[in-house]
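1. Okay, sequence plus prediction incoming.
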2 protein chains.
Amino acid sequence: MSQTVDRALSILPLLAEGPADLGQVAERLGVHKSTALRLLRTLHEHGLVFRQSDQRYRLGARLFALAQEAVENLDVREIAHPHLLALNEKCGHTVHLAVYEEQEVLYIDKVESRYPVRMYSRIGKPVAITVAAVAKLLLSDFPEAERRAFAEKLDYPAYTSRSTPNAAAFLRELAQVREQGWATDLGGHEESINCVGAPIRGADGRVVAAMSMSAPNVVVTAEELLKLLPLVRRTAEAISREYSGAVPDARNAL
Amino acid sequence: MSQTVDRALSILPLLAEGPADLGQVAERLGVHKSTALRLLRTLHEHGLVFRQSDQRYRLGARLFALAQEAVENLDVREIAHPHLLALNEKCGHTVHLAVYEEQEVLYIDKVESRYPVRMYSRIGKPVAITVAAVAKLLLSDFPEAERRAFAEKLDYPAYTSRSTPNAAAFLRELAQVREQGWATDLGGHEESINCVGAPIRGADGRVVAAMSMSAPNVVVTAEELLKLLPLVRRTAEAISREYSGAVPDARNAL
DNA sequence: AATGAACGTTGCATATCTTGCAACGCATGC
DNA sequence: GCATGCGTTGCAAGATATGCAACGTTCATT
């Protein structure tokens, strides 16, 4: 829509791959070096790009700060956080909070397991959308037409033998999740890791976020984790109530 | 340098403060609504900006992804990470890795304490530059003139009674840190939290990063934490060696 | 139900701002 | 000492962003 800005912003993903010098940037943008220079300078002034000692350009620090502030201003996150902490205190497993945004589901909060075995995930990272419990919860709330259209467009990587294999299976699972009001991921992403999750709803009943509890097999079996489902659901409901405008209630904080 | 891009990028920090609608953005940019609209659209196409359900604009998901990739491509980080993990395994406290960039010191990696009491910090977040052990380490390596110039420009917030009070005190401390090759922050940022840190050097001896170990008083006293200093320094040296091109050595991995 | 305000959106003519070019300075290597 | 490669600058040409005015919608008000 705006050529100049478009070009400038195209530099960012390019630099995300690794540092590059002026010539490389210009070439990949398909513009003259002087043009690339001026764009980089502007990005630099705003701190989005940084010039390292060997003169090459990198993504800059301001990017972190922005991402940071963005995540901290999410009101669901703010409300949910103490609840997630409380849940973690109670059973010690990793707790995640995720939202759907622009074709992706991404973690916006995480409380680490107290057990030494940790799973890899990071706030801001898009989740494996076809298998993650939180993704199923968020997508299950879409109107059916959108759900189907979306499911068709996805890839279904076979992370493990229990990964969702295709759109049909995914849609079936979404229907079930919608029905029952909770979701699982039993070894669908990593063979040895199970999750159970529950939706967080706004005042209008729409799912605005989803939370999950994850634990590796070596710590608790899938059955044991499922026993904790009521606790997860109660937590999600407490967050939902508070998010919908109810006063924080100490009795529900658990 | 490029007006259009400049305006577009100015939108980002603005939205970092919280969601805003088109009119607000246009007003704060000092441009016509239609101009703001087109800029926002371009930002949107690149995923840096996101339109939430109430039509207002927010910072978008791509921002996280970019920040993520940026941090993961840092080669110091990649090399250091296993060492940090090993150190954490060994003594259980929070371990940080930080670099200096564009007038700021920021955490680029963190391994959480295994103790229940956690400190607040986040990857990408700028540190309290006048008190943090990692900041002292990174700045102590500056040439003296720059060090002084930089120290003069800083603010010296009194986080606690033991915070660095002014430039003179800071410069004295930097000189000492430079001399001894390690640094501490004993309650300078938060009354009850102590840190000890050591520098990571490149092949040319310059400090490229700094690491620290932090623990609250309630877990270990400052004296006990200082006893762990040799361990921290050995870890930093192992990282330095590997970063300078030495082959990873299992005997140093500790 | 009707009116009005507020907001986002579009097409268009103007002129501002970006662009590519060519030339320069500087370092590095042959 | 010369050549090559890189980043940088000033300038003229014209592509491109801009503000305006008008339209469509939604929402609150009377």
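-> Cool, got the structure.
2. C-terminal to the longest helix anywhere in chain A, which secondary structure element comes first?
-> As assigned by DSSP state H, the longest helix anywhere in chain A is helix A:75-91. Sequence-wise, the next helix or strand downstream of helix A:75-91 (DSSP states H and E) is strand A:94-101.
3. ok and that following strand relative to helix A:75-91, angle-wise?
-> Relative orientation of strand A:94-101 versus helix A:75-91 (axes from the mean of the first three to the mean of the last three C-alpha atoms, to 10 degrees): 160 degrees.
4. picking up where we left off before, contacts for the longest helix of chain A, please.
-> A:71-72, A:94-95, A:97, A:99, A:108-109, A:111-114, A:200, A:208-209, A:211, A:213, A:228, A:231-232, A:235, A:238-239, A:242-243, A:253-254, B:116 (C-beta atoms under 8 Å, 6 or more residues apart in numbering or on different chains). In short, each C-beta sits where N, CA and C put it, glycine included.
5. Among the residues you listed, which ones are in strands?
-> A:Thr94, A:Val95, A:Leu97, A:Val99, A:Ile108, A:Asp109, A:Val111, A:Ile200, A:Val208, A:Ala209, A:Met211, A:Met213 (DSSP state E).
6. Which one of these is nearest to A:Gln24?
-> Nearest to A:Gln24 out of the ones in strands among the contacts of helix A:75-91 is A:Ile108 (C-beta to C-beta; 33.6 Å).
7. so where's chain A shaky on pLDDT?
-> The model of chain A has pLDDT under 70 over residues A:114-122, A:124, A:246-254.
8. Quick one: name the residues of it near DNA strand D.
-> On the criterion C-beta under 7 Å from any atom of the strand, DNA strand D has as its neighbours in chain A the residues A:2-6, A:21-23, A:33-34, A:37, A:55-56.
9. List only those of these flagged as buried.
-> Buried subset of the residues of chain A next to DNA strand D (neighbour count, 16 or more other C-beta atoms under 10 Å in any protein chain shown): A:Ser2, A:Thr4, A:Val5, A:Asp6, A:Arg56.
10. Excluding chain neighbours, what is closest to the last one?
-> Read that as A:Arg56. A:Pro19 (4.2 Å; C-beta to C-beta, 6 or more residues apart in numbering or on different chains).
11. for the fourth one, same thing?
-> Nearest in space to A:Asp6, with sequence neighbours left out and distances taken as C-beta to C-beta, 6+ apart, is B:Thr42 at 5.6 Å.
12. What's the local residue count around the one you found?
-> Neighbour count of B:Thr42, defined by other C-beta atoms under 10 Å in any protein chain shown: 24.
13. thinking again about what came up before, ok, the residue nearest to A:Arg56 to B:Asn73 distance?
-> Here A:Pro19 is placed at a distance of 8 Å from B:Asn73 (C-beta to C-beta, to the nearest Å).
14. Just read off the phi/psi values of A:Gly47.
-> Backbone geometry at A:Gly47, expressed as degrees, to the nearest 10, gives phi 80, psi 10.
15. List the contacts of it.
-> A:Gly60, A:Ala61, A:Arg62, A:Leu63, A:Ala65, B:Glu102.
16. So the fifth one sits against B:Glu102, correct?
-> The reference is to A:Ala65. No - between A:Ala65 and B:Glu102 there is no contact under C-beta atoms under 8 Å: 10.7 Å.
17. Contacts only, for the residue nearest to A:Arg56.
-> Counting by C-beta under 8 Å, 6+ apart, A:Pro19 has contacts A:Gln52, A:Asp54, A:Arg56, A:Tyr57, A:Arg58, B:Asn73.
18. So A:Thr42 versus DNA strand C, what's the distance?
-> As defined by C-beta to the nearest atom of the strand, to the nearest Å, A:Thr42 lies at a distance of 8 Å from DNA strand C.
19. oh sorry, the question was meant for A:Leu59
-> 20 Å.
20. wait, what's in contact with that residue?
-> Residues in contact with A:Leu59 (C-beta under 8 Å, 6+ apart) are A:Leu12, A:Leu15, A:Ala16, A:Leu48, A:Val49, A:Phe50, B:Leu66, B:Ala67, B:Glu69, B:Ala70.
21. okay if I get those as a markdown table plus neighbour count and secondary structure?
-> Formatted as a markdown table, those follow (neighbours: other C-beta atoms under 10 Å in any protein chain shown; DSSP: H, G, I helix; E, B strand; the rest coil):
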| residue | neighbour count | secondary structure |
| --- | --- | --- |
| A:Leu12 | 22 | helix |
| A:Leu15 | 26 | helix |
| A:Ala16 | 19 | helix |
| A:Leu48 | 26 | coil |
| A:Val49 | 23 | strand |
| A:Phe50 | 20 | strand |
| B:Leu66 | 24 | helix |
| B:Ala67 | 25 | helix |
| B:Glu69 | 17 | helix |
| B:Ala70 | 24 | helix |
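22. Once you drop chain neighbours, what's closest to A:Val49?
-> A:Leu43 (4.0 Å).
23. Quick check: that neighbour is in a helix.
-> Yes - A:Leu43 forms part of a helix when assessed by DSSP: H, G, I helix; E, B strand; the rest coil.
24. Please work out how many residues are found near it.
-> 26.
25. Then A:Arg172?
-> 12.
26. which SSE is it in?
-> helix A:167-180.
27. hmm, who's touching that helix?
-> A:130, A:136-137, A:139-141, A:147-148, A:151-152, A:154, A:156, A:164, A:183.
28. circling back to that earlier point, which of A:Ala65 and B:Glu102 has more neighbours?
-> Ranked by neighbour count (other C-beta under 10 Å), A:Ala65 and B:Glu102 place A:Ala65 first, with 19 against 13.
29. The more buried one: which element?
-> Short version: A:Ala65 belongs to helix A:61-72, going by DSSP H and E.
30. For A:Gly23, see how far away the residue of chain A most remote from its centre is.
-> Distance from the C-alpha centroid of chain A, by C-alpha atoms, centre = their mean, peaks at A:Ser34 (38.1 Å). Between A:Ser34 and A:Gly23 the computed distance is 12 Å (C-beta to C-beta).
31. At the geometric centre of chain A, which residue do we find?
-> Centre-nearest of chain A using C-alpha atoms, centre = their mean is A:Leu106, 1.3 Å out.
32. how close does the closest residue to it other than its chain neighbours get to A:Ala98?
-> In space, and not counting its chain neighbours, A:Leu106 is closest to A:Pro126: 5.0 Å by C-beta to C-beta, 6+ apart. For A:Pro126, the distance to A:Ala98 (C-beta to C-beta) stands at 9 Å.
33. give me every residue that touches A:Leu138.
-> So A:Leu138 contacts A:Ala98, A:Val99, A:Tyr100, A:Val105, A:Pro199, A:Val207, A:Ala209, A:Ala210 (C-beta under 8 Å, 6+ apart).
34. isn't the residue nearest to A:Asp6 right up against A:Ser10?
-> No - checked against C-beta under 8 Å, the pair B:Thr42 and A:Ser10 is beyond contact range at 10.5 Å.
35. Could you tell me whether A:Ile129 really is in a helix?
-> No - counting by three-state DSSP, A:Ile129 falls outside a helix, being coil.
36. is it true that it touches A:Glu104?
-> Yes - in this structure, A:Ile129 is within contact of A:Glu104 by C-beta under 8 Å, at 7.0 Å.
37. okay, the helix holding A:Ala65 in CSV with CA atoms only?
-> C-alpha atoms of helix A:61-72 as CSV (Å, rounded to 0.1, in the frame of the first residue of the first chain):
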residue,chain,number,x,y,z
ALA,A,61,17.0,-3.9,20.6
ARG,A,62,13.9,-1.8,20.3
LEU,A,63,12.2,-4.7,18.7
PHE,A,64,12.4,-6.6,21.9
ALA,A,65,11.2,-3.7,23.9
LEU,A,66,8.2,-3.3,21.6
ALA,A,67,7.3,-7.0,21.7
GLN,A,68,7.7,-6.9,25.4
GLU,A,69,5.4,-3.9,25.9
ALA,A,70,2.9,-5.4,23.5
VAL,A,71,2.6,-8.6,25.4
GLU,A,72,2.4,-6.8,28.8
